[in-house]
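Asker: sharing a sequence plus its predicted fold:
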Amino acid sequence: MHKLAIRKMMNTNNQKNFFNKLKNIIETNELIKMIVNNRRQKSSDLKSIIITIVKLKKGERLNFVYRHDTKDITKNYELKEGIAILKKALEVDFYNADIYANSENINLIITPNGKVQLKTHQPTLKPVASFNHDRIKERLILPFENIYLRELKITNANWEIRREMSDKYRQINRYIELLEPELSELTLTDNYHIVDMGSGKGYLTFALYDYLTNTLKNKVTMTGVEFREELVNTCNEIAKKAGYDNLSFVKGSIEMTELEHIDILIALHACDTATDDAIYRGISSDAKLIVVAPCCHKQIRSEFNVANELSSVVKYGILKERQAEIITDSLRAMLMEAYGYKTKVFEFISTEHTPKNLLIVGRKTAKPNPDKEQILSNVDKIKDMFGIKKHYLETLLNN
């Protein structure tokens, strides 16, 4: 038989086996989730599709979450229709599909030249207990026998969430939920380095290390940087108790701490221009992912000198403060894009928990942004409108 015909037959068999396995996994209620990603057209707004099983009044359905750059769209399909849509998506939109099931993980990989590979691995995710549409939301960080949660007083001696710490527990899980798709988009080598600038008491630092090493089985080195020595010592003790050998905390500042290399930089609630220092540190280190949650916006607020029709917008104290937040973070996102990062801004946690609830996430792109000069020109125009001489991050980047 001709080699081309053999290859075509193998490709067809791999795809057929993949969908047969998927159908069986769905029918036996073993599907935890399925992720379809790796866009064929990099310019496409659709990043991925996440599929799970949901039980509705009409019966079980496949729940599709279409994840776009700036929004998610959810739809439910019957099994036959859902499978047909998946087949079409893998023909037209995506190269990869990953099934996470109770018994195994299955990877379908389609190369640009049409080769189809099928791989199976040991399961990595916790089985889903229920598919009810109104079930209690599955948490990515589980409390039972999780030593760092106990040491941080989030759980009690019986591994139950303390009532007064329930908001913090939800915040931790929300944080991991938001980072999960961003991390899945990255191509990183083993033992990549994550730096958490201003790690504080370490709630989110521990949670991310837990998720990456225990759930995703990644090999990572993680460093928490914190200026308060007592918190550094406490966090190192907790990491030792939890057996987290590759997680350590050091005393230092965002600007001055010496670090060998940075693959992912995180800075949550760094006050005022400390957020700019963190973004600059990430850009200058060529970090693959930068994640910041800004706090305080004094620098831009003090620079407002509006002499046009927008003066009424900053006339009142509270409105001036909010406008300063919007302008500061918009310029940060724009500057990150100018320097080669695909950037998104979205809500971290709801405002009932904290008024500082924005997360800015920048993922390094393969090539420099061809629109850099236009973006920088737009930055200048916005500054002119509000009488701003310099954005602190802009000053760091220029120097």
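Answerer: Looks like it arrived, so ask away.

Asker: residue closest to the middle of the chain?
Answerer: The centre of the chain sits closest to L179, judged by C-alpha atoms, centre = their mean, with a distance of 1.9 Å.

Asker: poorly predicted segments of this protein, please.
Answerer: 1-10, 70, 126, 128-138, 349-356 (pLDDT under 70).

Asker: quick one, strands of this protein?
Answerer: 31-39, 46-56, 59-68, 72-77, 94-101, 105-110, 116-121, 192-197, 220-226, 247-251, 264-271, 289-295, 341-347, 358-364 (DSSP state E).

Asker: and the angle from the fifth one to strand 116-121?
Answerer: Between the axis of strand 94-101 and that of strand 116-121 there is an angle of 20 degrees, by axes from the mean of the first three to the mean of the last three C-alpha atoms, to 10 degrees.

Asker: which residues touch strand 94-101?
Answerer: With C-beta atoms under 8 Å, 6 or more residues apart in numbering as the contact definition, strand 94-101 has outside contacts at 18, 21-22, 25, 30-40, 48-49, 86, 90, 105-112, 123-125. From N, CA and C alone the C-beta is placed, and that goes for glycine too.

Asker: likewise the second one?
Answerer: Among residues not part of strand 46-56, those counted as contacts by C-beta under 8 Å, 6+ apart are 26, 29, 31-37, 39, 60-69, 76, 82, 86, 89, 93-94, 128, 130-133, 181, 184-185.

Asker: spell out which residues sit in contact with D210, please.
Answerer: Here D210 is in contact with 141, 146, 148, 244 (C-beta under 8 Å, 6+ apart).

Asker: what does E260 give?
Answerer: H193.

Asker: quick check on it: phi, psi?
Answerer: The phi and psi values for E260, taken as degrees, to the nearest 10, are phi -60, psi -50.

Asker: if I look at it, how far off is H193?
Answerer: 7 Å (C-beta to C-beta, to the nearest Å).

Asker: burial of the closest residue to K87 other than its chain neighbours, as a residue count?
Answerer: What sits nearest to K87 in space, not counting adjacent residues and going by C-beta to C-beta, 6 or more residues apart in numbering, is F19, at 7.0 Å. By the criterion of other C-beta atoms under 10 Å, F19 has 15 neighbours.

Asker: and D286, how far from F249?
Answerer: From D286 to F249 the distance is 24 Å (C-beta to C-beta).

Asker: comparing the two, which shows the higher neighbour count?
Answerer: When D286 and F249 are compared for neighbours, F249 comes out ahead with 24 against 11, by other C-beta under 10 Å.

Asker: quick one: residues contacting the more buried one.
Answerer: 199, 202, 205, 223-226, 231-232, 235-236, 239.

Asker: of those residues, closest to F346?
Answerer: Closest approach to F346 among these (C-beta to C-beta): T205, at 20.9 Å.

Asker: okay but that closest one is in contact with G224, surely?
Answerer: Yes. With contact defined as C-beta atoms under 8 Å, T205 counts as touching G224 (4.6 Å).

Asker: who touches both of the two?
Answerer: 196, 199, 235, 247, 249.

Asker: hang on, the fourth one packs against N214?
Answerer: Think L247. No. With contact defined as C-beta under 8 Å, L247 does not count as touching N214 (11.8 Å).

Asker: so between those two, which is more surrounded?
Answerer: Using other C-beta under 10 Å as the criterion, L247 and N214 rank with L247 on top: 27 against 14.

Asker: contacts only, for the more buried one.
Answerer: 205-206, 209, 222-224, 239 are the contacts of L247 under C-beta under 8 Å, 6+ apart.
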